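K.L.:
one predicted model, sequence on top.
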Amino acid sequence: MPKRKRKKEEDESSSKEQVKDKIYKGYQKIGSGRYQAKISIDGKVIGLGTYDTTKEAAQAYDRAAIQAGRPISKLNFQDQVPLNYTPKKTKLLCNNTIGYRGVGVKRRRFTAQIFMNGRLHHLGMFDTTKDAAIAYDLAAIEAKRPTSDLNFPDMIDAKKKKKKKMKMKKKKKVVIKKKIKIKKSSTSTKSGSSSSSSSSLHILATLSGHVSRKFQEKY
């Protein structure tokens, strides 16, 4: 193989590897083409071993992140998350005395607010802390925050399950209606064919009677 062609292929492979490096998270490149996986837990960086490829290092990071209860959005391979995996809720700040995220107190009422795009957005005043917390959750969902940042992640999951069930019921109803229509059309065609056959028999009967009378008159 010519040197120029070989060098071109090496450059292409290295550029592809660089693209992979940008995609995955939770590792760093070390000498001799090896990759070290690592994760930060409670402010401490923990080494997870060295690997030959970026994918292997990223998978090691994901395993450690799942054990730590990290949000699914923070993983490299979100489609490989175990079934029924529930991330841990993000801890509230030490100065939060209300117990809900994004909720404050003002004049004996409760305010809901969320920090988005570098700005603090006011979401309204509410009579109870729960109502304010729900308002925060709805805004957080629109902002595509992870479920670990919500006050009521279980309630949101329940709503999603209800929506899925409603869609499935609607699909079943449509299928049943189509089946009923097909049955009706098949029965109508059968009755039509039977009526046509009976009418043809009637015509044959009248013709045979007419022919028999003609035969008797002639002979």
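P.N.:
The structure has been received and is ready for your questions.

K.L.:
check the gap between Asn76 and Ile23 for me.
P.N.:
Distance from Asn76 to Ile23, counting by CB to CB, to the nearest Å: 8 Å. C-beta coordinates here come from the backbone N, C-alpha and C atoms, glycine included.

K.L.:
which one's more surrounded, these two?
P.N.:
Applying other CB atoms under 10 Å to Asn76 and Ile23 shows that Asn76 carries more neighbours, namely 19 against 10.

K.L.:
pretty sure the more buried one contacts Tyr24?
P.N.:
Yes - using CB atoms under 8 Å, Asn76 makes contact with Tyr24 at a distance of 5.1 Å.

K.L.:
joint contacts of these two?
P.N.:
In terms of CB atoms under 8 Å, 6 or more residues apart in numbering, Asn76 and Tyr24 are both contacted by the residues Ala58, Tyr61.

K.L.:
can you show me the helices along the chain?
P.N.:
For the chain, the helices defined by DSSP state H cover 3-23, 54-67, 129-142, 153-218.

K.L.:
what residues of stretch 123-141 count as buried?
P.N.:
Buried residues in stretch 123-141, counted by 16 or more other CB atoms under 10 Å: Leu123, Phe126, Thr129, Ala132, Ala133, Ile134, Ala135, Tyr136, Asp137, Ala139, Ala140.

K.L.:
now do the contacts for Arg119.
P.N.:
Counting by CB under 8 Å, 6+ apart, Arg119 has no contacts.

K.L.:
the one 5 residues further on now?
P.N.:
When the contact criterion is CB under 8 Å, 6+ apart, the partners of Gly124 are Thr111, Ala112, Ala132, Ala135.

K.L.:
what's the answer for Tyr51, then?
P.N.:
Tyr27, Arg34, Tyr35, Gln36, Ala37, Ala57, Ala60.

K.L.:
how about those residues in a markdown table, adding pLDDT and neighbour count?
P.N.:
Formatted as a markdown table, these follow (pLDDT from 0 to 100; neighbours: other CB atoms under 10 Å):
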| residue | pLDDT | neighbour count |
| --- | --- | --- |
| Tyr27 | 91 | 25 |
| Arg34 | 90 | 12 |
| Tyr35 | 93 | 22 |
| Gln36 | 92 | 16 |
| Ala37 | 93 | 24 |
| Ala57 | 92 | 27 |
| Ala60 | 93 | 22 |
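
K.L.:
strands - which of these land there?
P.N.:
Judged by DSSP state E, strands contain the following of those: Tyr27, Arg34, Tyr35, Gln36, Ala37.

K.L.:
outline the domain layout of the chain.
P.N.:
According to automatic domain parsing, the chain comprises the domains 15-80, 103-151.

K.L.:
need the least confident one among those, by mean pLDDT.
P.N.:
Here the lowest mean pLDDT among those goes to domain 15-80, at a mean of 84.

K.L.:
ok, Gly49 to Ile176 distance?
P.N.:
56 Å.

K.L.:
again with Ile66
P.N.:
Distance, Ile66 to Ile176, by CB to CB: 42 Å.

K.L.:
circling back to that earlier point, closest to Gln80 out of the buried residues of stretch 123-141?
P.N.:
Minimum distance to Gln80 across these is 25.1 Å, recorded for Ala140 (CB to CB).

K.L.:
how close does that closest one sit to Ile114?
P.N.:
Distance of Ala140 to Ile114, given as CB to CB: 6 Å.

K.L.:
nearest to Tyr100 among the contacts of Gly124?
P.N.:
Relative to Tyr100, the closest of the contacts of Gly124 is Ala132; by CB to CB it sits at 6.9 Å.
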